[in-house]
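Visitor: What shape does this take:
(one chain, ligands or ions: 2)
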Amino acid sequence: MEREKELMATLFHSGQARALQYFFFAQRAVGRWSTPSGARWDTSQPRPVRKAAVIGLGTMGRGITVALAQAGLSVVAVETHAKQLMEATKAVPSMLKRGAVRGGTTIEPDSITYSQNLQAVADVDLVIEAVFEDMALKEKVFQQLSIICKPDTLLCTNTSSLDVDHLASQTRHPELVVGMHFFAPAHVMKLLEVVYGRRSSPAAVATAMQLGKKMGKVSVAVGNCRGFAGNRMLKRYLEQAFFLLEEGATPELVDRALEEFGFPMGVFRMSDLSGLDVGWRVRKADGLADTSLTGTSARVRQGCRYSSLGDLLCEHGRFGQKTGRGWYQYDKPGGRVAKSDPWLHNFLDEYRARHGLVPRCIDQQEVLERCLFVLINEGFQILEEGIAAGPEDIDAIYVFGYGWPRHRGGPMFYADMVGLERVVERLERYHQAHPDVPYLQPSGLLRRLVANGSPPIHKWRNVIKNRNSQL
Ligand SMILES: CCCCCCCC(=O)CC(=O)SCCNC(=O)CCNC(=O)[C@H](O)C(C)(C)COP(=O)(O)OP(=O)(O)OC[C@H]1O[C@@H](n2cnc3c(N)ncnc32)[C@H](O)[C@@H]1OP(=O)(O)O
Ligand SMILES: NC(=O)C1=CN([C@@H]2O[C@H](COP(=O)(O)OP(=O)(O)OC[C@H]3O[C@@H](n4cnc5c(N)ncnc54)[C@H](O)[C@@H]3O)[C@@H](O)[C@H]2O)C=CC1
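Guide: Numbering: from 1, shown residues only. Ligands and ions are numbered 1, 2, ... in the order given. Below is the predicted model of the structure:
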C-alpha cells in the first residue's frame, strides 16, 4: 500500500497520472461537434451497413478487410492485380485466424468474397477505396463506383492526404462521400479519422462513425485538408527527421530518441511499416520529388528548405518493409525486424558530401524538440483552422493512430505540460537557426494562448472560439 502511494505520488509529480486521467476524458469527448449549418451528425440516424466492399488489397486494404469481417460484416474484396489478389487471399485468412486465436472468436469463412472485377460491389451498402495514392486513379474508381453501386451506397476513401471534396465531385451523390482514414496496421491501430467533406451529409458521417465503433475503433471526425489532422502533423515531424539526417543524425539515433520518449516505433521504423512510396506518389504529383535538380536548388522547394532523401530512397526501389529495404534492411520483402543498413549510412555520407553538408553531433533533446514541437505547432494551426474540434481530438488521434505514449497524454496535452511559453521559446530558437523552415515559427493560436496567460488545456476552447469550424 505504502509503495502504491509512493508510486502515485511520483506519477502525480511527473504529470503522468494527470495525463492518464486527461486521456480517459479525451477518449469520451472526441468528435461530437456540429456542422457549420448546425446539422449535427451525432444526432443523425446512421444507416445500417451489413455488406461492405474494399477496393485495393495492399498494405491497408487487407487490414481493413480483416477489421470489417471481425465486426461481423460480409465483405467483397476487390483487387485488380492478380498477384496481389492471390497474396491477399492467403494473407487475410491467416490474419483472421491469428485474431480469432487471440480474441477467442470465430469468423464465418465465407464472409469474404474476392474478386478482380469492380462489378462485384453492385449490391454493397458501403465501399472503402484503398487503391494507390494517385488522384487520377482514385477519380476513375469513384466515377466507376458511382455508376456500379446502388444509389444510396456510401462511398468512402482511405486516402491519407488527398482532397475528399474533389473525389465527391466525381460522383452522382457527393453527400454520400466521406473519408474513412485507417492507420497501419489497419486491423490493429485503434484510430479511424472520419473526414467530413464540404458536401458530406450528417447521416453519412454518422454511418462512418458508427461503423468505426462497430469495428472497435476510436473514431474522430476531422475536416478536409491536405493530410487531414494526423498526417498534416506527421508531415512536419517527418520533414524535421529528414533535416536531422542531413545535419548528421542517423535513422537509428532519431528512432532511439523517439522510442525512449515512449513511441512504439520511431518515425523511420514507422515509415518503413507504412511504405515510403505513399508519400512519394503525392510529392511526385505535386512536382516536389524532382531529384534532377542540382546545386542549392536541389534542397529548396517553393522558397523553403526541402530534403529529397525520401524521394531518393524510393528511386532506389526502397519502399520499406514491403520491399525488404527502406530506412533499414529486413531479411525479406514483408519482413518486420529492422536492422541497421550499411548501404544507408554510405548513402547518407555521400548525400551530405554532395551537398557540402558537414555532419555534427545531434543530441536526444534536439531530436525530440525539433520533431515534436513542430508537430505540436501544426496541431495548433489545425485547431485554429477548425480541422479538429478540440485538443482532445488531436490527442486521441496521436495516441490511437501513431502510438504517441499514453502516459504523456497526447501532443497537445504534452505541450500544456511542458509549458506553452517554453514551446514558443524553443520554436523561435530553432526558427532563428533554420529561417528557411517557416513551420518552425510559432502559430498564431499558440502565441495568443501565451498572450492570454497560457490557460490550461481545458480552457483553450475559450481562446480558439472555433470561428472557422470545418466540422
Ligand atoms: C504525409 C505522410 C504520408 C505517410 C503515409 C501514410 C500514413 C498514414 O496515412 C497514417 C499511418 O498509418 S501512419 C502509421 C501509423 N502506425 C504506427 O504509428 C504504428 C506504430 N507501431 C505500433 O503501434 C506497434 O509497434 C505495432 C502495433 C505495429 C506492433 O506492436 P506490438 O509489437 O506490440 O505488436 P504485436 O502484438 O507483436 O502484433 C500485433 C499485430 O501487429 C502486427 N505487426 C507487428 N509489427 C508489425 C510490423 N512491423 N508491420 C506490420 N504489422 C505488424 C502483428 O503481426 C500483429 O498482427 P497479426 O499478426 O495479424 O495478429
Ligand atoms: N500505407 C499506409 O500506412 C496508409 C495508406 N493509406 C492510404 O491507403 C491507400 C492504399 O495505400 P497502401 O495500402 O499503402 O497501398 P499499396 O500500394 O500497398 O496497395 C494498393 C493496392 O491497390 C491496388 N489497386 C490499384 N488500382 C486498383 C484498382 N483500380 N482496383 C482495385 N485495386 C487496385 C494495387 O494493386 C495494390 O494492391 C492510399 O490511398 C494510401 O494513401 C492510408 C493510411 C495508411
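Visitor: For the stretch 351-471 of the chain, which residues score under the pLDDT cut-off?
Guide: Applying pLDDT under 70 to the stretch 351-471 of the chain flags residues 466-467.
Visitor: Next to ligand 1, which bits of it? Give me the list.
Guide: 401-403 (CB under 6 Å from any ligand atom). No exception for glycine: its C-beta is placed from N, CA and C like everyone else's.
Visitor: Would you state the strands of the stretch 151-300 of the chain in chain order?
Guide: For the stretch 151-300 of the chain, the strands defined by DSSP state E, counting those that start in this stretch cover 154-157, 177-181, 191-196, 218-223, 300-301.
Visitor: Name the nearest residue to the residue in the stretch 151-300 of the chain that ligand 1 sits nearest to, ignoring sequence neighbours.
Guide: Nearest residue of the stretch 151-300 of the chain to ligand 1 (CB to the nearest ligand atom) works out as residue 160 at 3.1 Å. Residue nearest to residue 160 in three dimensions, not counting chain neighbours: residue 231, with 5.4 Å by CB to CB, 6 or more residues apart in numbering.
Visitor: What number of residues are in the vicinity of whatever residue of the stretch 201-350 of the chain ends up closest to ligand 2?
Guide: Ligand 2 sits closest to residue 274 of the stretch 201-350 of the chain, with a gap of 3.1 Å, by CB to the nearest ligand atom. Neighbour count for residue 274, taken as other CB atoms under 10 Å: 21.
Visitor: Tell me how far it lies from residue 182.
Guide: Distance of residue 274 to residue 182, computed by CB to CB, to the nearest Å: 11 Å.
Visitor: give me every residue that touches the residue in the chain positioned nearest to ligand 2.
Guide: Here the chain gets closest to ligand 2 at one residue, residue 58, 1.8 Å apart by CB to the nearest ligand atom. For residue 58, the contacting residues are 84, 130, 132, by CB atoms under 8 Å, 6 or more residues apart in numbering.
Visitor: In terms of helices and strands, where is the first one?
Guide: In this case it means residue 84. helix 82-103 (DSSP states H and E).
Visitor: what does the stretch 1-150 of the chain put close to ligand 2?
Guide: Checking the stretch 1-150 of the chain against ligand 2 by CB under 6 Å from any ligand atom, the hits are 55-61, 78-81, 84, 130-133, 137, 141.
Visitor: try 5 Å this time
Guide: Within the stretch 1-150 of the chain, the positions lying close to ligand 2 (CB under 5 Å from any ligand atom) are 55-56, 58-60, 79-81, 84, 130-131, 133.
Visitor: Make JSON lines out of the residues you listed and add pLDDT and secondary structure.
Guide: Shown next, in JSON lines, are those (pLDDT from 0 to 100; DSSP: H, G, I helix; E, B strand; the rest coil):
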{"residue": "55", "pLDDT": "98", "secondary structure": "strand"}
{"residue": "56", "pLDDT": "98", "secondary structure": "coil"}
{"residue": "58", "pLDDT": "96", "secondary structure": "coil"}
{"residue": "59", "pLDDT": "94", "secondary structure": "helix"}
{"residue": "60", "pLDDT": "97", "secondary structure": "helix"}
{"residue": "79", "pLDDT": "98", "secondary structure": "coil"}
{"residue": "80", "pLDDT": "97", "secondary structure": "coil"}
{"residue": "81", "pLDDT": "97", "secondary structure": "coil"}
{"residue": "84", "pLDDT": "97", "secondary structure": "helix"}
{"residue": "130", "pLDDT": "98", "secondary structure": "coil"}
{"residue": "131", "pLDDT": "98", "secondary structure": "coil"}
{"residue": "133", "pLDDT": "95", "secondary structure": "coil"}
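Visitor: surely residue 156 meets residue 124?
Guide: No: Residue 156 lies out of contact with residue 124 (CB atoms under 8 Å); the separation is 11.2 Å.
Visitor: Between these two, which is the more surrounded one?
Guide: Neighbours were counted for residue 156 and for residue 124 using other CB under 10 Å; residue 156 has more, 30 against 24.
Visitor: Which pLDDT does the model give the more buried one?
Guide: Looking at residue 156, its pLDDT reads 98.
Visitor: Flag every buried residue along stretch 156-172.
Guide: 156-164, 167-168, 170-171 (16 or more other CB atoms under 10 Å).
Visitor: quick one, phi/psi of residue 143?
Guide: Main-chain torsions, residue 143, degrees, to the nearest 10: phi -60, psi -40.
Visitor: pretty sure it contacts residue 169?
Guide: No: using CB under 8 Å, residue 143 makes no contact with residue 169, being 10.3 Å away.
Visitor: ranges for the helices of the stretch 301-450 of the chain?
Guide: Remark: helices assigned in the stretch 301-450 of the chain by DSSP state H, counting those that start in this stretch are 309-315, 342-354, 364-384, 391-402, 411-418, 420-433, 444-451.
Visitor: cool, the stretch 101-250 of the chain as well?
Guide: Counting by DSSP H, counting those that start in this stretch, the helices of the stretch 101-250 of the chain are 135-148, 164-168, 202-214, 230-247.
Visitor: Output the ones you listed in CSV; the columns should cover distance to residue 391.
Guide: Shown next, in CSV, are the helices of the stretch 101-250 of the chain (distance: least, CB to CB, whole Å):
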stretch, distance to residue 391
helix 135-148, 31
helix 164-168, 23
helix 202-214, 20
helix 230-247, 12
